[in-house]
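Trainee: here's a sequence, model it:
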Amino acid sequence: MDQVGERTGAGPAGATDRWLRHAIGKLARAGAGYLADLVVPPVCLACRKPLGVHDSLCADCWREIDFIRPPVCDRLGIPMPFDIGGVMISAQAAADPPVYDRARAVAHFGSVVRDLVHQLKYADRHDARRLFGRWLLDAGLPLLQDTDVILAVPLNRWRLLERRFNQAAILAAELSALSQIPADPLLLVRSRRTPSQVGRTRDQRRRSMAGAFTVPASRRTAVAGRNILLVDDVITTGATVEACARALKSAGAARVDVLALALVTDRTRINP
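Mentor: Below you'll find the predicted structure:
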């Protein structure tokens, strides 16, 4: 019996051995984490002030973020002045309904969020991706419950070669990992290059983006009947995500929702 206990790790000696291995493992991991923090100390992702943890913001920068919280318009995701209960539609959505079904965003596009998005998009700074993923998961919970597949707004191949990465695809990958909902980067392609949308009006953006996206013939069956969550960094006028949604619905998508880090509203009406 004692020999069986020794072979299986049963009994007091086996329990002590397991405890020692567990304790040594914890110490090794703690030591590795300590050394990593010495090499790359945790700092605020926005202002670079020293912090006690990685992938976060300091209290001052956190207070600068204007998070979007309910009540919001169910279609556009813009804040509503008061909550009347149930699904609410803004006057803007009623007058000009979007092609997509619902949109949500983490925060207004201003101050710290604008700087973080620009660092990701133009400065090749990806250190905030884990924070962005957590934010998107929180803001997108009402949409994720109905989502079959996550999809990023695609870049034109020449823009992708120039930039070397698609910031929307980075966000979609982080969200997919956290939500355990698959992401498919090949369901939608940008079929033609479009000029920069910065400084253009809503109508100009719509005309520019018309027909800019398509679902490849080989992927249409993967789109048909599916509920798709489209991820982008910023919703400015909605022209880009509307063009994506139109292509997806033409291919048979049952629902197309949109999730973004930031939303340009009247209080942040500036060029992204």
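Trainee: which residue packs closest to residue 182, ignoring adjacent ones?
Mentor: The shortest distance from residue 182 to any non-neighbouring residue, by CB to CB, 6 or more residues apart in numbering, is to residue 149 (5.7 Å). Every residue, glycine included, has its C-beta placed from N, CA and C.
Trainee: just checking, the one you found touches residue 231?
Mentor: No. Assessed by CB atoms under 8 Å, residue 149 is found out of contact with residue 231, at 11.0 Å.
Trainee: who's more crowded, those two?
Mentor: Neighbour count, other CB atoms under 10 Å: between residue 149 and residue 231, residue 231 has more, with 27 against 18.
Trainee: wait, that one sits on residue 136?
Mentor: Yes. Using CB under 8 Å, residue 231 is in contact with residue 136, at 7.2 Å.
Trainee: spit out the residues that contact the two alike.
Mentor: 171, 175, 259 (CB atoms under 8 Å, 6 or more residues apart in numbering).
Trainee: which SS state does the closest residue to the second one other than its chain neighbours fall under?
Mentor: Right, the one you point to is residue 175. Once flanking residues are discounted, residue 175 sits nearest to residue 136: 4.8 Å by CB to CB, 6+ apart. Three-state call for residue 136 (DSSP: H, G, I helix; E, B strand; the rest coil): helix.
Trainee: am I right that residue 136 is in contact with residue 261?
Mentor: Yes. Residue 136 is within contact range of residue 261, at 6.9 Å (criterion: CB under 8 Å).
Trainee: who touches both of those two?
Mentor: Common neighbours of residue 136 and residue 261 (CB under 8 Å, 6+ apart) are 106, 171.
Trainee: residues in a beta bridge with residue 228, which ones?
Mentor: Here residue 228 sits in beta bridges with residue 149, residue 256, going by DSSP bridges.
Trainee: and it, what does it touch?
Mentor: 147-151, 187, 248, 253, 255-257.
Trainee: and if you look at residue 138?
Mentor: With CB under 8 Å, 6+ apart, residue 138 has these contacts: residue 106.
Trainee: ok, residue 263 to residue 174 distance?
Mentor: 19 Å (CB to CB, to the nearest Å).
Trainee: which one's more surrounded, the two?
Mentor: Neighbours were counted for residue 263 and for residue 174 using other CB under 10 Å; residue 263 has more, 26 against 22.
Trainee: the closest residue to the more buried one other than its chain neighbours and residue 65, how far apart?
Mentor: Closest residue in space to residue 263, ignoring its immediate chain neighbours: residue 105 at 3.6 Å, by CB to CB, 6+ apart. Residue 105 is 12 Å from residue 65, where distance means CB to CB.
Trainee: how about residue 227?
Mentor: Using CB to CB, one gets 29 Å for the distance from residue 227 to residue 65.
Trainee: what score does the spatially most central residue of the chain have for pLDDT?
Mentor: Against the mean C-alpha coordinate of the chain, by CA atoms, centre = their mean, the closest residue is residue 171 at 4.0 Å. In this model, residue 171 is scored at 97, pLDDT.
Trainee: same deal with residue 247?
Mentor: Looking at residue 247, the pLDDT reads 96.
Trainee: any idea which helix or strand carries it?
Mentor: If you go by DSSP states H and E, residue 247 is part of helix 239-250.
Trainee: ditto for residue 118
Mentor: helix 111-122.
Trainee: mean confidence (pLDDT) on that helix, please.
Mentor: For helix 111-122, mean pLDDT is 92.
Trainee: from now on call the first residue 7
Mentor: Sure thing, new numbering starts at 7, so read that last one as helix 117-128.
Trainee: which residues touch it?
Mentor: 51-52, 63, 67, 70-72, 112-113, 115, 131-132, 134-135, 138, 173, 176, 239-240, 267-268, 274, 276, 278.
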